[in-house]
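>>> let me see the structure of the following:
(chains A and B)
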Amino acid sequence: GESVGLHLPTLSVQEGDNSIINCAYSNSASDYFIWYKQESGKGPQFIIDIRSNMDKRQGQRVTVLLNKTVKHLSLQIAATQPGDSAVYFCAENNHRNAGGTSYGKLTFGQGTILTVHP
Amino acid sequence: ETGVTQTPRHLVMGMTNKKSLKCEQHLGHNAMYWYKQSAKKPLELMFVYNFKEQTENNSVPSRFSPECPNSSHLFLHLHTLQPEDSALYLCASSQDANEKLFFGSGTQLSVL
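Below you'll find the predicted structure:
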C-alpha cells in the first residue's frame, strides 16, 4: 500500500497476471476517490473513479474497490500488460466549499510503481 | 492527448532568471490548477482558479506568481527561484464542481 516515505512501494508482476494496488486514506469524510496512472515523462492520466456510496466499480480491465470501514481503496488490473507499467496514484476528495459540495481539491497518495515483466 | 497542453516541456533556469510556464486547456473546463511534483513526494497543490478567479493559494512562495487571463489559459511566472524548486510542474483542469482532473504532461524545471 501507499505510505509517506523515501521509497515508493513497488509491485512486480508477470504479463497476464492480475495486479492489485492498494491505498489507505485517512479522512473518513472523503466521498470521492480516483485512481491515476502516470507513465514516465507524462502527466497523471485518469483511470477510474468511485464515490463513497459505492463499494465497487468496474472499467475496462480495471476494478476499484472501496472499503469505507477500514478506509481502504484498491485498484485491480486484470491480465496486466507491459503497457500497464507506470506509477499509480490514488486520490481522495475531502475538501468542501462553502456550499457544501466537493470542489475538486484532491489529496494524492505517494504512488505505487507497477512493473510488468514480459 | 488529454486536452491540456503545457509549454515548455523542459526548462533550465538560473536563480536570477525570470521565466513563465504556460498551460492551455481545450476541454471547456472552468477550473484550472497548478501542481508541483517532486521526486518521491505526493503531488502538491499550488494554485486553483475557478472562472478566472484565484480560489486557492496553498501557501506558495511569492517567487511563484500565477496568472489566469481566461478559463482556457493559465500561466505560472517564475522569478528568483531556488534549486529546491526544481520539480515537475503540472497543470490540470476540471469542469466546475467536477472532481475529475485532467493533467497536462508537465514542465520539468531545473533551477541551477
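>>> just give the nearest non-adjacent residue to the residue in chain B that chain A sits nearest to, would you?
Nearest residue of chain B to chain A, counting by Cβ to the nearest Cβ: B:Phe103, 3.5 Å away. For every residue, glycine as well, the C-beta is placed using N, CA and C. Distances taken as Cβ to Cβ, 6 or more residues apart in numbering or on different chains place A:Gly43 nearest to B:Phe103, at 3.5 Å, with adjacent residues excluded.
>>> who's in contact with the one you found?
Contacts for A:Gly43 (Cβ atoms under 8 Å, 6 or more residues apart in numbering or on different chains) come out as B:Thr2, B:Val4, B:Gln6, B:Leu90, B:Ala92, B:Phe103, B:Gly104, B:Ser105, B:Gly106.
>>> doesn't B:Gly3 make contact with the residue of chain B closest to chain A?
No: counting by Cβ atoms under 8 Å, B:Phe103 stays clear of B:Gly3, with 10.0 Å between them.
>>> the two: which has the busier surroundings?
B:Phe103 (25 against 14; other Cβ atoms under 10 Å in any protein chain shown).
>>> list the contacts of the more buried one.
A:Tyr36, A:Gly43, A:Pro44, A:Gln45, B:Thr2, B:Val4, B:Tyr35, B:Leu90, B:Cys91, B:Ala92.
>>> go again with 10 Å.
The contact partners of B:Phe103, taken as Cβ atoms under 10 Å, 6 or more residues apart in numbering or on different chains, are A:36, A:38, A:42-46, B:2-4, B:6, B:23, B:33, B:35, B:37, B:43, B:90-93.
>>> and those, which of them are in strands?
Cross-referencing the contacts of B:Phe103 against strands under DSSP state E gives A:36, A:38, A:45-46, B:4, B:6, B:23, B:33, B:35, B:37, B:90-93.
>>> the residue sitting nearest the centre point of chain B and B:His77, how far apart?
The C-alpha lying nearest the average C-alpha coordinate of chain B belongs to B:Trp34 (Cα atoms, centre = their mean; 3.1 Å). In this view, B:Trp34 and B:His77 are 11 Å apart by Cβ to Cβ, to the nearest Å.
>>> mutual contacts of those two, please.
In contact with both B:Trp34 and B:His77: B:Leu21, B:Phe64, B:Pro66, using Cβ under 10 Å, 6+ apart.
>>> what's opposite the closest residue in space to the first one that isn't next to it in sequence in the beta bridge?
By the measure of Cβ to Cβ, 6+ apart, the closest residue to B:Leu21 outside its immediate chain neighbours is B:Leu76, 4.3 Å from it. Beta-bridge pairing for B:Leu76 (DSSP bridges): B:Leu21, B:Pro66.
>>> okay, buried residues for the lowest-mean-pLDDT helix or strand in chain B please.
Lowest on mean pLDDT, DSSP states H and E among the helices and strands of chain B sits strand B:53-57, with a mean of 76. For strand B:53-57, burial by neighbour count (16 or more other Cβ atoms under 10 Å in any protein chain shown) applies to B:Glu56.
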